[in-house]
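J.: sequence first, then the predicted structure:
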Amino acid sequence: MRTAKKILTGTLCAGLCALLCGCELLLVPDDYVSSYASGGDRHQAVNKAVPAEGISDADSLYTAYDSTEPVCFYVTVTGGNAADCTDHTLEEVNSYLNLQGMTGVEKIKTEIILQVGDEEGPREGELGFGAVSGNAAMNVRGRTSTGYGQKSYRISLYDGAGLWRGQKAIALNKHPADVTRIRNMLYFKLLEDVPSIPSLRTQFVHLWVRDLTAENPVDEFVDYGLFTQVELPNNRYLRNHGLSVNGNLYKANMCEMYRYPDQLKLATDPEYDPVRFGEVLESKTGDDHTKLLRMLDAVNDYSIPAEELLGKYFDEDNLTSYLAFNLLMGNPDSNAQNYLLYSPIDSERWYYLCWDGDGCLKYSEYDILGDAFEEGEWTRGVSDYWGVVLFNRLLRLPSFREALSAKVEALRSVVTAERVEELVSEYRKTADLYAAASPDSAGMKVTAEDRDKILKALPGDVELSYRYYLESLDKPMPFYQGDAEADGDRLQLRWGASFDFDGEFLRYDVTVAKDWTFSDPVYEAKGILETEISLPMPEAGEYWWRVTVTNESGHSQTSFDSVITSTGAHQGMRRFTIQSDGTVVNPE
């Protein structure tokens with residue numbers, strides 16, 4: 001239509017000129033004009049490029065710098081002004097909390113001067129050398145990590161300040177829950193060799209801070225210890241990695257791929273709330289959510305076969321790479337959060353990208369420390385993704401499970417115990433020095449001996465992760481326990497149905513007790529085929545109940561549920577209270 005319009009316009013202009021100038025009118029062929037004028041179907045044949053599907057990465061990005069040699073960041077906290085909300089002290093910035101469950105929390109920022117250099121000080125030719133006024137803003141970043149004494153930070157460079165390695169936003173992660181201080185580096189370094197998923201650049205950073213906003217400021221830089229800089233996903237990340245700058249990119253804050261109609265709305269919707277939207281998915285590239293909502297509608301439309309989701313909305317190679325890599329890395333916190341959704345411009349397909357691996361390869365650590373807050377057994381293997389709508393639907397397909405197993409076997413040549421051992425040895429040359437000295441030593445919750453054991457056990461966790469994956473294929477899938485309910489003089493307990501990949505019969509065992517150890521049950525029922533039971537109403541008091549499912553082959557699984565107390569995380573159970581009037585209360 002565009003070509004025809006130009007020709008028609010040109011014809012009219014030429015005709016006018018001919019009339020005015022007395023010149024002979026040169027017309028386009030009659031058949032073309034009549035075809036255009038009558039809406040005909042005649043076209044000139046041309047070759048059009050078909051958009052390439054799949055994604056790749058810019059491998060040269062990872063060889064430009066030595067990520068294991070710490071870069072020194074010198075931050076002078078000056079405080080800014082109320083107009084851009086940077087008029088805060090460093091103490092106020094560090095008071096920021098944004099724990100899981102907290103909503104609508106405002107970030108607290110301060111203005112800083114960022115200078116980059118080495119242990120001798122800022123270096124000429126590096127970002128910020130000679131700067132005397134603010135060139136960036138800084139705030140505390142993260143969710144759970146904001147509750148720790150040692151904070152992680154985000155530095156946002158001002159326009160005109162320049163870029164650091166092609167980045168305007170810089171994340172500095174302290175990883176307070178990771179006693180090794182190297183897991184994120186390890187995770188993204190191994191990801192560089194995984195096809196179909198771009199990695200993120202990481203770098204050890206030694207942070208020095210001079211606080212001019214303190215009540216009694218001193219002109220000295222204070223040692224804040226070792227951080228891991230990780231590339232932030234945004235437009236610049238897309239550009240630097242050769243991806244579609246105008247595509248869609250979202251960071252999952254808590255998204256199990258449900259539709260979330262009360263939170264995920266178009267920006268044109270009068271009830272659109274960007275804060276509530278961001279509690280599920282945080283947009284990194286604008287507020288046009290049309291394509292995202294179209295995909296989520298399809299994922300949650302069970303009239304659309306799961307097979308049709310692949311190819312149209314997702315890339316099987318990418319999905320199996322994402323799952324296989326995280327399964328082999330034993331990274332359970334990659335199901336509802338710590339991932340990115342990316343879709344190129346002019347494409348309906350969405351790709352999973354990785355984000356945050358500081359919780360990977362921790363199985364041996366739980367055993368070494370006797371951690372009472374160890375993750376549930378269902379987090380080991382494919383059952384970890386059963387609560388995500390997309391993966392729940394796809395894992396029911398034998399063909400998808402076969403493709404996943406093939407990818408797991410293929411990536412075993414990338415994620416190997418030998419490679420992990422090599423990288424751990426290299427990273428420890430830096431991390432061990434800082435872990436043993438102030439201020440990082442103050443944040444260590446383990447002894448040097450236990451930390452050494454944990455680091456040496458990391459390579460073995462690779463084989464352990466693989467074994468857990470294989471075992472999970474033989475087990476029934478987890479489910480949720482419902483609320484306990486009063487039904488006259490009886491107590492009703494219900495739970496969701498499990499699923500078995502081999503289609504075996506499933507039987508449920510139910511136990512009710514007065515404490516989480518279940519050492520003295522008040523009720524037991526075994527081999528139940530239904531997903532509910534009715535029992536005589538117990539006397540008033542607090543009770544705990546659990547459901548275990550077992551298939552014909554004898555493999556068992558617990559529920560998704562857990563109860564957190566001061567003594568630990570008690571997995572695969574719920575609790576309820578029967579009040580004196582017979583009312584049943586479910587606290588979680």
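T.: Sure thing, it's come through.
J.: could you chop this structure up by domain?
T.: 2-37, 303-474, 485-585 (automatic domain parsing).
J.: quick one: closest of the ones you listed to Gly128.
T.: Relative to Gly128, the nearest member of the domains of the chain by CB to CB is domain 303-474, separated by 22.9 Å. (Glycine included, C-beta is placed from N, CA and C.)
J.: the stretch 151-300 of the chain: helices as residue ranges?
T.: Ranges of helices within the stretch 151-300 of the chain are 183-191, 235-240, 274-280, 290-299, based on DSSP state H, counting those that start in this stretch.
J.: any idea which of those gets closest to Asn98?
T.: Asn98 lies closest, by CB to CB, to one member of the helices of the stretch 151-300 of the chain: helix 274-280, at 10.8 Å.
J.: and that closest one, how far out from the chain middle?
T.: 15 Å (CA atoms, centre = their mean, to the nearest Å).
J.: same question, stretch 328-335
T.: Here stretch 328-335 shows a centroid-to-chain-centroid distance of 10 Å under the convention CA atoms, centre = their mean.
J.: just the endpoints, please. Distance across that stretch?
T.: 14 Å (CA to CA, to the nearest Å).
J.: single out the most deeply packed of the domains of the chain.
T.: Stretch with highest mean neighbour count among these: domain 303-474 (a mean of 18; mean count of other CB atoms under 10 Å).
J.: which residues does His206 contact?
T.: Applying CB atoms under 8 Å, 6 or more residues apart in numbering, we find His206 in contact with Pro70, Val71, Cys72, Phe73, Glu119, Asp223, Gly225, Leu226, Phe227, Tyr434.
J.: narrow the residues you listed to those that are buried.
T.: Buried subset of the contacts of His206 (neighbour count, 16 or more other CB atoms under 10 Å): Pro70, Val71, Cys72, Phe73, Gly225, Leu226, Phe227, Tyr434.
J.: now do the helices in the stretch 451-588 of the chain.
T.: Going by DSSP H, counting those that start in this stretch, the stretch 451-588 of the chain shows no helices.
J.: for it, just list every one of the strands.
T.: For the stretch 451-588 of the chain, applying DSSP state E, counting those that start in this stretch gives strands covering 485-487, 490-494, 506-513, 521-528, 532-536, 541-551, 556-557, 562-565, 568-571, 574-578, 584-585.
J.: and the fourth one, what other elements does it pack with?
T.: Strand 521-528 makes packing contacts with strand 506-513, strand 532-536 when contacts are defined by 3 or more CB pairs under 8 Å, 6 or more residues apart in numbering; DSSP states H and E.
J.: pull the helix or strand with minimum mean pLDDT from the protein.
T.: For the chain, scoring each helix and strand by mean pLDDT, DSSP states H and E identifies helix 30-37 as the least confident one, at a mean of 35.
J.: next helix or strand past that one?
T.: Helices and strands here follow DSSP states H and E; after helix 30-37, the next one along the chain is strand 71-77.
J.: what's that following strand in contact with?
T.: Applying CB under 8 Å, 6+ apart, the contact partners of strand 71-77 are 89-90, 110-119, 121-122, 128, 138, 155, 172, 203-213, 221, 229.
J.: that older thread, and the helices and strands packed on strand 521-528 as a markdown table, adding mean pLDDT?
T.: Below are these laid out as a markdown table (pLDDT from 0 to 100):
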| stretch | mean pLDDT |
| --- | --- |
| strand 506-513 | 98 |
| strand 532-536 | 97 |
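J.: any low-confidence regions in this structure?
T.: 1-53 (pLDDT under 70).
J.: isn't Asn272 right up against Lys265?
T.: To be clear, residue 272 is Tyr; Asn isn't right here. Yes - using CB atoms under 8 Å, Tyr272 is in contact with Lys265, at 4.6 Å.
J.: out of the two, which sits in the busier spot?
T.: Neighbours of Tyr272 and Lys265, each counted by other CB atoms under 10 Å, are more numerous for Lys265; the result is 18 against 15.
J.: pretty sure that one contacts Pro274?
T.: No - counting by CB under 8 Å, Lys265 does not reach Pro274; the two are 9.8 Å apart.
J.: what about the closest residue to Leu292 other than its chain neighbours, neighbour count?
T.: Nearest residue to Leu292, sequence neighbours excluded (CB to CB, 6 or more residues apart in numbering): Asn248, at 6.3 Å. The number of residues packed near Asn248 is 23, by other CB under 10 Å.
J.: the one 10 residues further on too?
T.: As a burial measure, the neighbour count of Tyr258 was computed by other CB under 10 Å and equals 16.
J.: state the phi and psi torsions of the residue nearest to Tyr62 when sequence neighbours are not counted.
T.: In space, and not counting its chain neighbours, Tyr62 is closest to Glu192: 5.4 Å by CB to CB, 6+ apart. The phi/psi pair for Glu192 (degrees, to the nearest 10) reads phi -60, psi -30.
J.: so Glu192 sits against Ser60, correct?
T.: No - applying CB under 8 Å, one finds Glu192 not in contact with Ser60, separated by 11.3 Å.
J.: measure Gly166 to Gly247 for me?
T.: From Gly166 across to Gly247, the span is 18 Å (CB to CB, to the nearest Å).
J.: show me which of the two is the more surrounded one.
T.: Gly247 (20 against 13).
J.: for that one, list the residues it contacts.
T.: Counting by CB under 8 Å, 6+ apart, Gly247 touches Leu238, Thr285, Tyr342, Ser343, Pro344, Ile345, Ser347.
J.: closest one of those to Tyr543?
T.: The closest of the contacts of Gly247, once distances to Tyr543 are taken by CB to CB, is Tyr342, at 46.3 Å.
J.: wait, a strand at the closest one?
T.: Yes - the assignment for Tyr342 is a strand, going by DSSP: H, G, I helix; E, B strand; the rest coil.
J.: pretty sure it is touching Ile55, no?
T.: Yes - the pair Tyr342 and Ile55 qualifies as a contact (CB under 8 Å) at a distance of 7.5 Å.
J.: and for those two, which residues touch both?
T.: Leu243, Tyr351.
J.: how about the strands in the stretch 251-400 of the chain?
T.: Counting by DSSP E, counting those that start in this stretch, the strands of the stretch 251-400 of the chain are 281-283, 339-343, 351-354.
J.: would you mind measuring from the closest residue to Thr565 other than its chain neighbours to Val218?
T.: Spatial nearest neighbour of Thr565, excluding adjacent residues (CB to CB, 6+ apart): Trp516 at 7.4 Å. For Trp516, the distance to Val218 equals 51 Å [CB to CB].
J.: and the closest residue to Asp57 other than its chain neighbours, how many neighbours?
T.: Among residues not flanking Asp57 along the chain, Pro198 sits closest, at 4.0 Å (CB to CB, 6+ apart). Burial measure for Pro198: 26 neighbouring residues, criterion other CB under 10 Å.
J.: Pro198 touches Ser244, doesn't it?
T.: No - counting by CB under 8 Å, Pro198 stays clear of Ser244, with 11.8 Å between them.
J.: ok so, going back, show me the contacts of strand 71-77 that map onto strands.
T.: Under the assignment DSSP state E, those contribute 110-118, 121-122, 138, 155, 172, 203-211, 229 to strands.
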